[in-house]
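>>> Need coordinates for the following:
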Amino acid sequence: MKTMTRKTTTVAALAGAALLVTGCELPIGIETEQTGYRGLGMEQVTKRHLEAMKRSGMEIPEPERPAAAAGPRAGDIYENVKVLGDLNISEFNRLMNAITAWVSPEEGCNYCHTPGNFADENVYTKIVSRRMLEMTYTINQEWSAHVGDTGVTCYTCHMGNPVPENIWYEDPGMKQAGGFAASRMGQNLAGTNVASSSLPNDVFTPFLQGDEPKNIRITPRTSLPMGDNPYNLMDAEWVYGLMMHFSVALGANCTTCHNTNNFPEWETSPPQRVTAWHGIEMVRALNNQYLNPLQPEYPDYRLGPLGDAPKTNCATCHNGLQLPLDRAQMLKDYPELNRVNHRGAQPQPAATTSAAADDAATAVEG
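The predicted model follows:
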């Protein structure tokens, strides 16, 4: 009897070890929150150890001391101040100190300026940073339907790095495929863009840039294009790849934006779906209006394998969190980055959820 008990214990131990080795995860530190009707799988799953890892390097810098409310304009004191020249000298220097801490804490001012000659225009990072400041203004003024009152600062994406950790370039693998490989549609490449799934992995190029981006269609009605419906199952695979990116970029389930009883339906979807729709439109606009046009300014080593400029996607700002920087209210300490709110002006009201949902449902069918 003792021998049988010992053997049984050994077998059980080996079986348990095999389960762990093959990737099974013990339900320790996993929290589940029901967000919708019971039985529909409307749940948010949180793994505490992964959440802790995502926040391990996130340390919001302390705000600079407030600037004096009056003083000469920076554009009248310094040369070649083309974006921030309307700020007074105290506001200007305060914001420059903050940007240095947000973007180049190790390199300091010399990352964008020539030592001893800050007016020099021959530093590419200076040209790029001007455009990035204009982009920041645009986000805070025109995209409140996505960023809300929280807004963004340079730190939202850079987090102390000269180049944000999560940027993307066009995929050379998609361009070079030939023969039978030409029909693989970017699949079976274990791309990190789609969480190493077998879905098409160059999903940013067709969806997040271009004058006529690929339509985001979740549920095609036929396996082949027919009649008035030009979409098919292959289009759905591209969309699913993009959705995988959203999930990883925000560290969120599909149920964050969708009702699992009816994925295409807008009326019963959570309000986050409307916010996400505005985010997609915002990312397209930023890539088209600001980031792609900067390509001639970059040195070759800053360009992608196909010579394209670095671009943004959802992960650039979110960095694995549903609310970037856990919704740290940095913009309130730097109203200079929001022309609308600077010096106490009132912001324009954001589109209401119902109106935005109507616009989204019209623009994104299914």
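>>> Can you tell me the centre-most residue of the chain?
With distances taken as Cα atoms, centre = their mean, the residue of the chain nearest its centroid is C314 (2.0 Å).
>>> leaving aside the residues next to it on the chain, what's closest to it?
A249 (3.8 Å; Cβ to Cβ, 6 or more residues apart in numbering). Placement of C-beta: from N, CA and C, glycine included.
>>> Give me the distance between the one you found and G279.
To G279, A249 is 10 Å away according to Cβ to Cβ, to the nearest Å.
>>> give me phi/psi at C154?
For C154, the backbone dihedrals (degrees, to the nearest 10) come out as phi -60, psi -30.
>>> for G71, helix, strand, or coil?
Reduced to three states with DSSP: H, G, I helix; E, B strand; the rest coil, the structure at G71 is coil.
>>> Wait, it touches L87, no?
No - when contacts are counted by Cβ atoms under 8 Å, G71 is not listed as touching L87 (9.2 Å).
>>> Between the two, tell me which one has more neighbours.
Between G71 and L87, L87 has the larger neighbour count (other Cβ atoms under 10 Å), namely 21 against 15.
>>> so that one touches P72, yeah?
No - when contacts are counted by Cβ under 8 Å, L87 is not listed as touching P72 (10.3 Å).
>>> Show me where the chain dips below the pLDDT cut-off.
1-29, 39-41, 47-51, 53, 173-191, 217-231, 340-366 (pLDDT under 70).
>>> What is the helix or strand hosting R131 packed up against?
Element membership for R131 (DSSP states H and E) is helix 124-142. Counting contacts by 3 or more Cβ pairs under 8 Å, 6 or more residues apart in numbering; DSSP states H and E, helix 124-142 is packed against helix 272-286.
>>> Distance from the chain centre to the helix it packs on, please.
Offset of helix 272-286 from its chain centre (Cα atoms, centre = their mean, to the nearest Å): 10 Å.
>>> Which strands and helices lie in contact with it?
Packing contacts for helix 272-286, counted by 3+ Cβ pairs under 8 Å, 6+ apart, involve helix 124-142, helix 144-147, helix 353-363.
>>> same thing but 10 Å
Where contact means 3 or more Cβ pairs under 10 Å, 6 or more residues apart in numbering; DSSP states H and E, helix 272-286 is packed against helix 124-142, helix 144-147, helix 204-207, helix 233-250, helix 314-318, helix 353-363.
>>> that older thread, can you pull the contacts of the residue nearest to C314?
166, 193, 279, 313-322 (Cβ atoms under 10 Å, 6 or more residues apart in numbering).
>>> Make JSON lines from those residues and add distance to M243 to it.
Formatted as JSON lines, those follow (distance: Cβ to Cβ, whole Å):
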{"residue": "N166", "distance to M243": "17"}
{"residue": "N193", "distance to M243": "12"}
{"residue": "G279", "distance to M243": "13"}
{"residue": "N313", "distance to M243": "13"}
{"residue": "C314", "distance to M243": "11"}
{"residue": "A315", "distance to M243": "14"}
{"residue": "T316", "distance to M243": "17"}
{"residue": "C317", "distance to M243": "18"}
{"residue": "H318", "distance to M243": "14"}
{"residue": "N319", "distance to M243": "18"}
{"residue": "G320", "distance to M243": "16"}
{"residue": "L321", "distance to M243": "18"}
{"residue": "Q322", "distance to M243": "15"}
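>>> Select only the buried ones of the residues you listed in PyMOL?
To isolate the buried ones among the contacts of A249 in PyMOL, judged by 16 or more other Cβ atoms under 10 Å, type:
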select buried, resi 166+193+279+313+314+315+316+317+318+319+320+321
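>>> The closest residue to T255 other than its chain neighbours - how many residues pack around it?
Once flanking residues are discounted, T255 sits nearest to M42: 5.1 Å by Cβ to Cβ, 6+ apart. Neighbours of M42 under the rule other Cβ under 10 Å: 19.
>>> Check the gap between M42 and P271 for me.
In this view, M42 and P271 are 14 Å apart by Cβ to Cβ.
>>> related to what we said a few turns ago, any common contacting residues for A249 and G279?
Common neighbours of A249 and G279 (Cβ under 10 Å, 6+ apart) are C314, C317, H318.
>>> Can you tell me which of those is nearest E64?
C317 (22.0 Å; Cβ to Cβ).
>>> Could you measure from the closest one over to P164?
8 Å.
>>> shared neighbours, the two?
Joint contacts of C317 and P164 (Cβ under 10 Å, 6+ apart) are T156, C157.
>>> re the thing from before, check the shared contacts of A249 and G279 against P61 and report the nearest one.
C317 (16.8 Å).
>>> Without its sequence neighbours, what residue ends up closest to R327?
The nearest residue in space to R327 (Cβ to Cβ, 6+ apart) is T150, at 5.3 Å.
>>> what helix or strand does that neighbour sit in?
Judged by DSSP H and E, T150 forms part of no helix or strand.
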